[in-house]
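Trainee: take a look and give me a structure for this.
(one chain, ligands or ions: 1)
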Amino acid sequence: MGRGICISFEGGEGAGKSTQIGLLKDALQAKGFAIVTTREPGGTVDAEALWQCFIDHKGQHWDVIAQAFLVFTTRRLHLVSLIEPSLAAGKIVITDRFTDSTRVYQGVAGGLGLDKIESIKQECIGDFEPDLTFIFDIDPSVGLARIGKRDPSRDTFEDKKFDFHNSLRTGYLDIARENSDRCVVIDANQSIEAIAAQILQNVTERI
Ligand code: T5A
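Mentor: Predicted coordinates:
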């Protein structure tokens, strides 16, 4: 049995990642693949509990260094206890967010800088990167409008100013440009069906 592959979905708020992960999972399972879907921050009981502590306090008083260490602590737990064992068992792991989220939320928009993020990353998870990353690109005003009616207690960054969301978008596009072997940019303003078809085609080519 060969090693599985890890696919991450990235993008700003309300870009449509969760919707597409569900569709990709169904499509791949129908083809007989073993799929694990997961998400960050979280992915394991312990990691979810740590992130919940941040959410419960709205995270507003956590500075960006504390945020970065928190997400890498949860990521370490996620990688060691769920992602690596699943890949070793030959499964396809689909994760809603991974290190690119920290690069843009804490590193770019949060101002910590990418060098600091990389040094914390090396300590926590070494060179691990997903095999394939879909970066959902959308005007922040469209993404935020999509989730406007959702429970406001759930999220931490959605109420930040548009500058913050625009810098997330730029940060993601820079990552895609610099990692074109790993990253595929998706125009997230298309219909759900069109995006799903594009993603399935990309994944099918890789596997
Ligand atoms: N975070 C995370 C960090 O700061 N650092 C880190 O290292 C990590 C890992 C997570 C927060 O944590 C931060 C980033 C985030 O602020 P979350 O609640 O998990 O919070 O937020 P998101 O991951 O952003 O999830 P969202 O649910 O907000 O966005 P999705 O998953 O991209 O969007 P989805 O699929 O739920 O869709 C939103 C709505 O749009 C509709 C859907 O039906 C739904 O109603 N929709 C579409 N409508 C029109 N056209 C389409 N193509 C559509 N696709 C979906």
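
Trainee: from here on, just use CA atoms for contacts and neighbour counts.
Mentor: Noted.

Trainee: read off the pLDDT value for K160.
Mentor: K160 carries a pLDDT value of 67.

Trainee: swap in M1?
Mentor: 74.

Trainee: same thing with I186?
Mentor: So I186 comes in at 98 (pLDDT).

Trainee: identify the residues contacting the closest residue to it other than its chain neighbours.
Mentor: Residue nearest to I186 in three dimensions, not counting chain neighbours: F136, with 4.9 Å by C-alpha to C-alpha, 6 or more residues apart in numbering. Contacts for F136 were tallied using C-alpha atoms under 8 Å, 6 or more residues apart in numbering; they are F9, E10, G11, G12, A15, G16, K17, V185, I186, D187, A188.

Trainee: name the SS class of F136, please.
Mentor: Under DSSP: H, G, I helix; E, B strand; the rest coil, F136 falls in the strand class.

Trainee: report how many residues lie close to D56.
Mentor: For D56, the count of nearby residues is 12 (other C-alpha atoms under 10 Å).

Trainee: ok, which stretches of the chain are helices?
Mentor: Ranges of helices in the chain, per DSSP state H, are 17-30, 45-56, 64-78, 84-88, 99-102, 114-125, 140-146, 162-178, 192-206.

Trainee: in a markdown table: those, plus distance to the ligand.
Mentor: Conversion of these to a markdown table gives the following (distance: least, C-alpha to the nearest ligand atom, whole Å):
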| stretch | distance to the ligand |
| --- | --- |
| helix 17-30 | 4 |
| helix 45-56 | 9 |
| helix 64-78 | 5 |
| helix 84-88 | 17 |
| helix 99-102 | 3 |
| helix 114-125 | 10 |
| helix 140-146 | 5 |
| helix 162-178 | 10 |
| helix 192-206 | 4 |
